[in-house]
Every structure is written in structure tokens, then in C-alpha cells.
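In: mind folding the following:
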Amino acid sequence: MDNPAQKRTVTVRYGIPSLAKYAFLTNTDVWIGSTESVSGALHANGGIRFDGTGNAPITTFKNNYPVPGPGYLCQTYHGCGPTTKPGIWGAASAATQAFWQMSMPFTDFSSITGDFNSMEALATGQADLPPSTVFGYSLVFKADGTVDVYKVTALRAHSDGTDVSGVVHTEDLDYLTRVLQYNMAIPANGIIFVKDHVWVEGVVNGRVTVAATKYSSDPTQQARILIPNNITYLAKDGNHSLGLIAEKDVLVTYFAPNTLEIDAAMIAQKGSAQMYNFGVTKTAITIYGAVASFGVWTWSWLSGSNCVSGYCATSTTYDANLLYAPPPSFPLSPDGYQQLSWTSN
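Out: Have a look, this model is predicted:
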């Protein structure tokens, strides 16, 4: 050592990363196709077929694929079953396979219920929205850092759609008429709590989380977050972030624009982040942020290699600012404390 008497101060920062550490997180099986790429970390509590490319950890809770009864089998919906497969398998390159890790910790989506309780306790005044008594609320974020709050009083008719579980939905998803309730600044603590369905759109200036729940055990009544239009940040510089936490689904609606951008970290606690199969194709969807979906997520529907519904071009970019600067009160990762940084002077 050149200067054994020299003294230095080392400062180390520790913190617990949020669930927004993942670009993609799901409770079920997932298949990343040969034409798809994942930018950022992916974790599945189920098995993973990975034929595409990745640039960050690709992890699964599974060591191999489980099904009811004896044996561990990959199923036909992954184009491989029923046969025995490891927790992650596929035709990815050796460079991508280097990111694969199996038997990793389970991520408990049910724990998000506790976070709903905590967020409700933080929501105050106009940011704590009670049941609407109509169809729900519409939130329109504005570039000046405020939010227009509407009640949705009528819905716009459209054709039926089928969800990722094969359930046909006859209800309409787009608002037709709204009544403005008030304009408010984004709350100082960043929490907007909605005890109903809520439509979200606009330009986000600040840091905010929208949580929607009815605390219902009935899947047909659980609150959904619906996206009818673009959601963008004032700037993608880390100073603006949006969390969308839905009790059930995060849904792109029927009349959403042909080219759609969503800047947000999304969680579908008991449902899926998805667009229903309406049999109508749209051009492109761009996600800047993160997606956590209890069930299968999808923005597009294929028949063979043909796009038959939804957004035929999809692009997702992980917002690296989310890792240790997530939206307010965003649920934490189960990984515990990690070293964030250290400095020496």
C-alpha cells in the first residue's frame, strides 16, 4: 500500500428493489418466440420456452414443468407437450441461454393485496376515489402536472372479445360519455386510489401510482385499469414515472389508437395485462416501462405466424430508472436488501 496512513470514508447505500426491477413478470408459463426480444429481466413462476433474445437475467421458479398428477410436463400450448422439459428451454442462442436461471424464488402476487391496504391509507382528499355508482372513473394526466378526474356515465358499443383464458366478454370497454368532477394536482405522496374501474391516459408530469381495487373475491367484479389512449411521460429522464396496479386486468380497449404508446410500470394482480381478441388488427404498440401479469399477457393474437387481432408489431423497452426509483409505493421485490451503490472519498 502506497499510503498506509491515509484514511478514507466509504459510503454504501442499501435498499430493497421493487417489483419494477423486472421488465416482465408473470405467475404462469411464458413463451418468447423466435422473433421476440426481451430487454431487461424476466421472471416466471411457471415454465419458460425461450426462442428469442434477451440481455438480462431470465429466471423461473420451476426446475421443470409441473402438471396435476405425476410427472413434470411441458404442455401443448408451448408446442412441446405433453413432454418433460426443464424450467427454461428453447432455441435461444448460447449468449441468451447464459442468462437462464432455474429454481429461483417464487414471487407472490397475493402479497400485493397488502400493498393496496397501505396505499389506501396514504390516499387523501380528492385522490381517494370512492365507488363511482356508474361505470368507473377516467383519469387524464396533463403536461402541467395535474389530472382531470371524470366519472364515466356511458360506454361505447363494440364487438365481443375473448380473453387469454378463452372467456368471451360481451361488456363494452370504451367510455362514450364522461362528466368532469374536478382537476387536481398530482398528490405530494403520488398515490391515487380508486375503488372502481378506471380509464387512464394522457401526459404524466411527475411521479404517481394509480391503484384500482374493489377488494372483491368475485373475478367478475374486480377492478380493472383500462387504457383507451396514449400514456406518455413529459420526458424519459427518470423524473417522471407511472405505476398502474389493477386488482384484475390491465386492458387495452377496443377503440385504442392504431399506434399506441404506454409509458408505465403495470401490475395485473389477479388477471392479465392484455388486449382481448376482437378479430381486429392494429398497427403497433410500444411499452416503455415494465409489465407484471398474474396470467398470460398479450397485446397481439396469432394464427400460426399470422397476426389476426390486436397489435401486430410490439416493442417493449425496460425503463432502467424503475430499478431503484420506482413509482410511489410500488410493491417491493421479495429479494430483500441489496447494495445500491458505494462511494469512497
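In: mean confidence score for stretch 32-40?
Out: Taken as a whole, stretch 32-40 has a mean pLDDT of 82.
In: stretch 186-195 too?
Out: Averaging pLDDT along stretch 186-195 gives 97.
In: which residues touch it?
Out: 119-120, 122-125, 127-131, 136-137, 139, 141, 145-147, 205-215, 223, 327-329 (Cβ atoms under 8 Å, 6 or more residues apart in numbering). C-beta: built from backbone N, CA, C; applies to glycine.
In: now restrict those to buried residues only.
Out: Among these, those scoring as buried are 119, 122-123, 127-129, 136-137, 139, 141, 146-147, 205-214, 223, 327-329 (criterion: 16 or more other Cβ atoms under 10 Å).
In: in strands, which of the residues you listed appear?
Out: Using DSSP state E, 128-129, 137, 139, 141, 146-147, 207-212 are the members of these that sit in strands.
In: out of those, which is nearest to residue 153?
Out: Nearest to residue 153 among these: residue 137, at 10.9 Å, using Cβ to Cβ.
In: from residue 147, how far out is that closest one?
Out: 10 Å (Cβ to Cβ, to the nearest Å).
In: before we move on, what about residue 272?
Out: The gap separating residue 272 from residue 147 is 26 Å, by Cβ to Cβ.
In: near the spatially closest residue to residue 163 that is not a sequence neighbour, how many other residues are there?
Out: Of all residues not flanking residue 163 in the chain, residue 276 sits nearest, at 5.5 Å (Cβ to Cβ, 6 or more residues apart in numbering). Neighbour count of residue 276, defined by other Cβ atoms under 10 Å: 26.
In: and what of the one 10 residues further on?
Out: A count of neighbours around residue 286, defined by other Cβ under 10 Å, yields 17.
In: please apply the same query to residue 116.
Out: Number of residues near residue 116 (other Cβ under 10 Å) recorded here: 21.
In: doesn't residue 246 make contact with it?
Out: No. Using Cβ atoms under 8 Å, residue 116 is not in contact with residue 246; the gap is 10.3 Å.
In: would you map the helices across the stretch 1-150 of the chain?
Out: Secondary structure of the stretch 1-150 of the chain (DSSP state H, counting those that start in this stretch): helices at 94-97, 112-122.
In: pick the most buried one from these.
Out: helix 112-122 (a mean of 16; mean count of other Cβ atoms under 10 Å).
In: can you name the residues in contact with that one?
Out: Residues external to helix 112-122 that are found in contact with it (Cβ under 8 Å, 6+ apart): 128, 189, 191, 193, 209, 211, 213, 215, 245, 247, 267, 269, 329, 331.
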